[in-house]
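Q: what follows is a predicted protein model with its sequence.
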Amino acid sequence: MQSIALVLHVILSIGVIGLVLIQHGKGADAGAAFGSGASATVFGAKGSASFLTRTTTILAALFFATSLFLFYLAAHRDSTVRSVTDVPGLVEEVAPVVPQTDSDLPGGVEAEGQAGDGAVSTDSDLPAPAE
């Protein structure tokens, strides 16, 4: 419901901005008196003031109504969850248990403390370096 209201709110705001930019201010009437009399002939003899003013007023009223509705939705939201980090996870992942085996590591390397006969390997088990 909040998403629909938010999309409608954005569309209304763009509409109000567009209509306000289309309208010409009161200074345009003074310009028409001094030679640019064709400024209001597109919308008839009265000009565009009545149609655009009415439409802007309706869109502005709807914009304020959606603002109040969005405020109402935000104020009456469930107050137990205040942050994204407070939301419990849907699935708690547990690391898989790896069974310990007595097998050799890949490549024929033996694990620490594991020699061929079960004894602990020491430095004396290593071959002497070549000279």
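A: Cool, got the structure.
Q: element containing Ala130?
A: Taking DSSP states H and E as the definition, one finds Ala130 inside no helix or strand.
Q: same check on Ile11?
A: helix 2-22.
Q: over to Val97?
A: Going by DSSP H and E, Val97 is not in any helix or strand.
Q: burial count for it?
A: A total of 6 residues lie near Val97 under the criterion other C-beta atoms under 10 Å. The way it works is simple: take the backbone N, C-alpha and C, and place the C-beta from them, glycine included.
Q: do you know how far it is from Ile22?
A: 69 Å (C-beta to C-beta, to the nearest Å).
Q: what does Thr55 give?
A: For Thr55 relative to Ile22 (C-beta to C-beta), the value is 10 Å.
Q: which of these two has more neighbours?
A: Neighbour count, other C-beta under 10 Å: between Thr55 and Ile22, Thr55 has more, with 16 against 11.
Q: got the contact list for the nearest residue to the more buried one once chain neighbours are set aside?
A: Nearest in space to Thr55, with sequence neighbours left out and distances taken as C-beta to C-beta, 6 or more residues apart in numbering, is Leu19 at 5.9 Å. By C-beta atoms under 8 Å, 6 or more residues apart in numbering, Leu19 lies in contact with 52, 55-56, 59.
Q: dump those to TSV, plus secondary structure, distance to Val7 and pLDDT.
A: Supplementary listing: the contacts of Leu19 in TSV, determined by DSSP: H, G, I helix; E, B strand; the rest coil; distance: C-beta to C-beta, whole Å; pLDDT from 0 to 100:
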residue	secondary structure	distance to Val7	pLDDT
Leu52	helix	24	87
Thr55	helix	20	92
Thr56	helix	21	92
Leu59	helix	15	95
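Q: could I get the residues you listed as CSV with distance to Leu68?
A: Putting the contacts of Leu19 into CSV (distance: C-beta to C-beta, whole Å) gives the following:
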residue, distance to Leu68
Leu52, 25
Thr55, 21
Thr56, 19
Leu59, 15
